[in-house]
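Student: Quick one: sequence and predicted model below, then my questions.
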Amino acid sequence: MNHSRAFLAAVLVVAAAPALAESPPANPFEGNATVVAEGHSLFNDTCSHCHGPDAVTPISERNLRKLRIRYGDQMIETFHTTVENGRPEAGMPTWAGVIDEATIWKIYTYLETVQVSQ
């Protein structure tokens, strides 16, 4: 391979790197039924003051039982980004550095089990 082709190959690898880094986050507890009860308890301890006990609230914009309806395939990304960065304009605090990743994913694992279809 000559130098210009090697340079071009290196540029293409670097240009593709951000796309790879932006892949959706992965839930390490996905499908782990034993985590659901712990996530439920963590949700009620951490989130229920705004999102209602057991994720039941009449306030539509805070209803986390409709995450799949609202966000579809983007549910996991939207959840994680929102928890990590907050939505200050909507009253959602930033939780990054306040609660650890394992707790975030346990809560998400619980929320996956309470999604409604309508």
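Tutor: Perfect, I can see it now. Residues are numbered from 1 along each chain as shown.

Student: Quick check: which ranges of this protein have low pLDDT?
Tutor: 1-22 (pLDDT under 70).

Student: Spatially central residue in it, please.
Tutor: Centrality entry for the chain: nearest residue to the mean C-alpha point is H80, 2.3 Å, by Cα atoms, centre = their mean.

Student: neighbours around D100, how many?
Tutor: Other residues near D100 come to 11 when the count uses other Cβ atoms under 10 Å. C-beta here means a position set from N, CA and C on the backbone, and glycine is covered the same way.

Student: residues near the closest residue to N85 other than its chain neighbours, how many?
Tutor: Leaving aside its sequence neighbours, N85 sits nearest to T94 (Cβ to Cβ, 6 or more residues apart in numbering; 5.8 Å). By other Cβ under 10 Å, 13 other residues sit near T94.

Student: T94: what's it in contact with?
Tutor: 84-86, 88 (Cβ atoms under 8 Å, 6 or more residues apart in numbering).
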